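J.: Build me a model from this:
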Amino acid sequence: LYGIFIIICNKSLIGFFSIADDTIVDMAQTYLIVMGIGMIFMFINPMLTSIFTGIGDSKTPFVTNTIGLVLNIVLDPILIFGIAGFPALGVLGAALATVLAQVVVTICFIFAILRRKEEYLKLNILSRPCLEDMKTLTTIGFPVAIQNGLFTIIGIVIGRIVASWGPIPIAVQKVGSQIESISWMTASGLSTALSTFVGQNYGAKKYDRIQDGLKVTMLLAIFIGTLATFLLVAFGEEIFAIFIPEEESIAQGADYLRILGYSQIFMCIEITSAGLFNGLGKTYIPSTVHTILTSLRIPLAYWASQPQYLGIDGIWWVITLTTVAKGIIMVVLYIYLKQKDKLYDYSEIQETERVAEC
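T.: I've put the predicted structure just below:
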C-alpha cells in the first residue's frame, strides 16, 4: 500500500519540498517511482530479519543483509556512472541499485527458510491465527510502528527545511547520512541482538544474564560510537571527498560529518538501550523518548537554521543535540527503573507464559 501511495502521489510528495529546479524534481520523481515498485521488499526484509534473530539465528540475517549492502555499494557506481559497459542511468541507477539489492536479500532469505527444517518457519496461510498472540504483538509493536512512522514524517519536514538552502545541502544530507548510517546500522544490529537475548532470558527469569548481556553490548556500542566520532570529526573532509568531488560540497559535507560526529556515542547508547527495553516488552519507553525529542527537531531546526543564527549548520546541530539528549535520557531512565526495582514486570512474565500456551 505504501509503495502504491508513493507511486501515485509522487508529484505531491516532491512538491512539498518546494524545489525550484525542474531537473531535480524530475530526478526525484523517477527515484520515488522505482522505490515505490520495490517497497514491498523493504518491508519484507526487516520482518524476516526479526524472525531469524528472534529464534536465535543472527548469523543468517547478518550475512544476508551484508550481501545486500555490498551489492548496493557495488551497483551504485556501476549503474549511476555507467561502468563496465552499463549505461549511465544517474538517479534511476541509484534507485535500481537499491531495489535490486533488496530483491537479492529477499531471495537469500527464502533460500535460507527452505534449507531449514523447523516447522515454525513454514507458512500456512490456511491456519487460524491465535488472537492472544496477535494482541501481544500489536501491544508490543504498535509504539515502535508509530515511532518509525513519525520519524519518517519528521525526516520529510526536516528535508524540506534543508531543501530551502539549495541542491548542495540536499546532496550533503543524502551522502552524509549514508556515511553516518554505518555506525547507526552497527548499533541497530547490537540492539536487535540484545533485544532477543534479553527477551529469552527475561522469559527464563535469568536476570543476571540480562545485566551481563547489557554490559557487554553497551561496551561494544560505546566503542563503536567512539570510533565513529573520531573518524567523522578528524577525517570528515577526506571521507566525504570520496563520494562527491566538488569543493563546496566537500566543505559542507565535512561540516555535516563533524557536527553529527559529536553525537555518535550517544546515538549508539540510545539505540542499544532501546534494545534492552524492547526485549523487556517496554517498547513504549524508547518510543516515547524518541518521538518527543525527534519531534522537537522541527521547530528547533526552523529557528536554528535562520541566516542570523547558524544557517544550514543549525539543522545539523539540532539533530546532534537532540540525539545527545535521547542517549542521556535513556540511560537515566534505565538507572531510575533499576533502582526502583521497576525494570522487570514479574506479572508480565506470567502473562507471557500463559499466552505461549495459546
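
J.: which regions of the stretch 151-300 of the chain sit below the pLDDT cut-off?
T.: Within the stretch 151-300 of the chain, not a single segment meets pLDDT under 70.

J.: Walk me through the domains of the protein.
T.: Here the domain parsing of the chain from automatic domain parsing is 1-127, 129-358.

J.: count of residues packed around residue 82?
T.: Look at residue 82: counted by other Cβ atoms under 10 Å, it has 14 neighbours. Every C-beta, even on glycine, is put in place using the N, C-alpha and C of the backbone.

J.: Let me know whether it touches residue 90 as I believe.
T.: No. The criterion here is Cβ atoms under 8 Å, and residue 82 misses it with residue 90 at 9.1 Å.

J.: coming back round to it: most packed of the domains of the chain?
T.: Mean neighbours per residue, mean count of other Cβ atoms under 10 Å, is largest over those for domain 129-358, with a mean of 17.

J.: Could you check how far that domain is from the centre of its chain?
T.: Between the centre of domain 129-358 and the centre of its chain there are 8 Å (Cα atoms, centre = their mean, to the nearest Å).

J.: Use 44 as the first number for this chain going forward.
T.: Got it, the first residue is 44 from now on, which makes the last one we talked about domain 172-401.

J.: ok, so what distance separates residue 145 from residue 92?
T.: Here the criterion is Cβ to Cβ, to the nearest Å. By it, residue 145 lies 12 Å from residue 92.

J.: err, residue 277, not the other one
T.: 33 Å.

J.: which SS state does residue 204 fall under?
T.: Assigned by DSSP: H, G, I helix; E, B strand; the rest coil, the conformation of residue 204 is helix.

J.: Quick check: closest non-adjacent residue to it.
T.: The shortest distance from residue 204 to any non-neighbouring residue, by Cβ to Cβ, 6 or more residues apart in numbering, is to residue 344 (5.3 Å).

J.: Residue 111 contacts residue 145, correct?
T.: Yes. Counting by Cβ under 8 Å, residue 111 touches residue 145, with 6.3 Å between them.

J.: Common neighbours of those two, please.
T.: residue 88 (Cβ atoms under 8 Å, 6 or more residues apart in numbering).

J.: helices and strands around whichever strand or helix holds residue 342, which ones?
T.: Here residue 342 sits within helix 340-347, counting by DSSP states H and E. Helix 340-347 makes packing contacts with helix 174-206, helix 355-382 when contacts are defined by 3 or more Cβ pairs under 8 Å, 6 or more residues apart in numbering; DSSP states H and E.
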